[in-house]
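Q: Build me a structure from this.
(one chain, ligands or ions: 1)
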Amino acid sequence: MDAIDVIRAKRDGAELTPEQIDFAVDAYTRGTIADEQMSALAMAILLNGMTRPEVARWTEAMIRSGERMDWSALDRPTTDKHSTGGVGDKITLPLAPLVAACGAAVPQLSGRGLGHTGGTLDKLESIPGWRASLSNEEMLDVLTEAGAVVCAAGTGLAPADRKLYALRDVTGTVESIPLIASSIMSKKIAEGTGALVLDVKVGSGAFMKTAADARELAETMVAIGTDHGLRTVALLTAMDRPLGNAVGNAVEVAESVEVLAGGGPSDVVELTVTLAREMLAAAGITDRDPADALADGTAMDVWRRMITAQGGDPDAPLPSAAETHQVIAPSTGVLTRLDAYGVGVAAWRLGAGRARKEDPVSFGAGVICHAKPGEKVTQGQPLLTLHADDASRFDRALEALDGAYEIGSDTSVTGLQPLVID
Ligand code: URA
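A: This is a model prediction of the structure:
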């Protein structure tokens with residue numbers, strides 16, 4: 001078989017055969033299809049799409065490119081959550097220990113931030129001593145000890161996706177529903193979880209800007225999971241404004257700890273509890289209410305065990321940035337809009353995110369939102385506080401915030417997405 005025949009077939013709108021898909025994924029992983037050929041194929045897929053059998057086979061080939069993890073040694077069901085990414089999305093931090101406190105095991109492989117969306121591993125690494133890289137044996141030890149583990153995927157897991165995602169990132173081929181769905185699901189299926197809840201974000205701060213696109217992505221991923229015997233459910237949730245008040249790394253850890261302590265912003269609490277209920281139901285656990293485990297401190301106990309088991313000190317002070325700058329409300333009224341994308345880009349430019357994969361992040365950098373859409377604000381009050389290690393970063397962050405918020409006189413804010421859309 002020849003790579004050029006496969007590229008031509010997809011370019012001309014044909015459905016790829018299982019043999020063509022297996023050949024393309026396997027040969028690319030082994031290096032016998034060149035980057036330029038795979039990028040042409042990825043572009044043809046982006047432009048012409050894939051049928052359900054094609055997406056299923058592509059995902060299968062990516063899973064087979066590496067190892068599959070196995071948690072059958074555990075004495076409880078496994079369940080996991082994947083978010084398609086957003087601004088202020090720290091939900092994994094309170095969610096994983098909360099679900100573990102209710103009787104399931106959570107083996108979560110997470111990622112780093114790139115661009116304006118944050119990464120769970122970057123956030124957790126702001127805790128002194130905490131380690132993202134664990135061997136499979138260490139993962140099992142942490143799961144046995146704490147009930148939840150959040151760490152980086154090893155190089156043996158879906159290596160085809162690792163290589164292809166890096167290529168898509170630099171060839172304008174990320175935004176393809178079949179490629180995003182197969183990329184996410186190949187890693188989650190190889191991770192070996194028994195149940196999966198997908199949090200598909202919709203809005204300016206998300207990959208999917210419209211509910212229609214988000215729904216198509218969600219349905220594609222649920223179909224892949226179901227075809228592989230993985231109990232998979234999806235929720236569409238709002239990403240038109242930031243989630244919670246904190247956007248960054250250490251500031252998001254601090255907010256997550258507030259939630260585990262029974263406080264925290266109401267939207268973070270609501271989404272954490274909603275997703276916990278879905279994860280537990282998907283794992284067959286129906287006799288525990290996650291709201292109780294937040295209130296009685298058992299989720300916090302699991303958090304402390306999980307952080308300690310990965311080398312972190314849950315009591316150590318979190319890093320903070322050297323410089324702050326306040327954005328002041330220019331008038332009195334109601335905050336009608338706080339755009340997730342604008343705030344995400346501001347946090348990124350302050351140093352919380354990275355421009356290239358190899359860049360370091362600043363743990364202390366980020367944005368604190370003092371008001372959320374729908375809340376009253378008074379002229380002269382702080383709307384946002386920007387945190388950075390270096391004051392020279394404020395100008396470009398402020399440019400990103402230009403037009404990102406609006407204060408109106410009307411008390412009824414229209415057009416805001418419900419937190420859980422579907
Ligand atoms: N996250 C992934 O893991 N893969 C994609 O293609 C997009 C987001």
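Q: what does the stretch 201-350 of the chain put close to the ligand?
A: With the criterion set to C-beta under 6 Å from any ligand atom, the stretch 201-350 of the chain never comes near the ligand. C-beta: built from backbone N, CA, C; applies to glycine.
Q: With T32 as the reference, measure out to M1.
A: Look at M1 and T32: by C-beta to C-beta, to the nearest Å, they are 11 Å apart.
Q: same deal with L46?
A: Per C-beta to C-beta, L46 is found 23 Å from T32.
Q: Between those two, which has more neighbouring residues?
A: Using other C-beta atoms under 10 Å, the more surrounded residue of L46 and T32 is L46, with 20 against 11.
Q: Give me the below-cutoff pLDDT ranges for the stretch 1-150 of the chain.
A: Along the stretch 1-150 of the chain, segments meeting pLDDT under 70 span 114.
Q: Helices along that one, start to end?
A: 3-11, 18-30, 35-48, 52-64, 92-101, 120-124, 136-146 (DSSP state H, counting those that start in this stretch).
Q: so which strand or helix has the residue of the chain found nearest the ligand?
A: Using C-beta to the nearest ligand atom, the single residue of the chain nearest to the ligand is S183, 3.4 Å away. Applying DSSP states H and E as the criterion places S183 in helix 177-191.
Q: any idea how the chain splits into domains?
A: 3-49, 80-309, 323-408 (automatic domain parsing).
Q: Which of the helices or strands spans A234?
A: strand 231-238.
Q: Convert that strand to PDB, retaining C-alpha atoms only.
A: This file holds the C-alpha atoms of strand 231-238, laid out as PDB (Å, rounded to 0.1, in the frame of the first residue of the first chain):
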ATOM      1  CA  ARG A 231     -19.700   3.500  29.300                       C
ATOM      2  CA  THR A 232     -19.500   7.100  28.000                       C
ATOM      3  CA  VAL A 233     -21.800  10.000  28.700                       C
ATOM      4  CA  ALA A 234     -21.400  13.700  27.700                       C
ATOM      5  CA  LEU A 235     -22.600  17.000  29.000                       C
ATOM      6  CA  LEU A 236     -22.400  20.300  27.100                       C
ATOM      7  CA  THR A 237     -21.400  23.100  29.500                       C
ATOM      8  CA  ALA A 238     -20.900  26.900  29.300                       C
END
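Q: Report the buried residues of that strand.
A: By 16 or more other C-beta atoms under 10 Å, the buried positions in strand 231-238 come out as 231-238.
Q: How far does stretch 146-156 sit from its chain's centre?
A: Taking C-alpha atoms, centre = their mean, to the nearest Å, one finds the center of stretch 146-156 at 15 Å from the center of the full chain.
Q: buried stuff in that stretch?
A: 146-154.
Q: What of stretch 101-111?
A: For stretch 101-111, using 16+ other C-beta under 10 Å, the buried residues are 101-111.
Q: repeat for stretch 253-269
A: Applying 16+ other C-beta under 10 Å to stretch 253-269 flags 253-260, 264-265, 267-269 as buried.
Q: was I right about E125 contacting S362?
A: No - counting by C-beta atoms under 8 Å, E125 does not reach S362; the two are 11.5 Å apart.
Q: intersection of neighbour lists for these two?
A: N249 (C-beta atoms under 8 Å, 6 or more residues apart in numbering).
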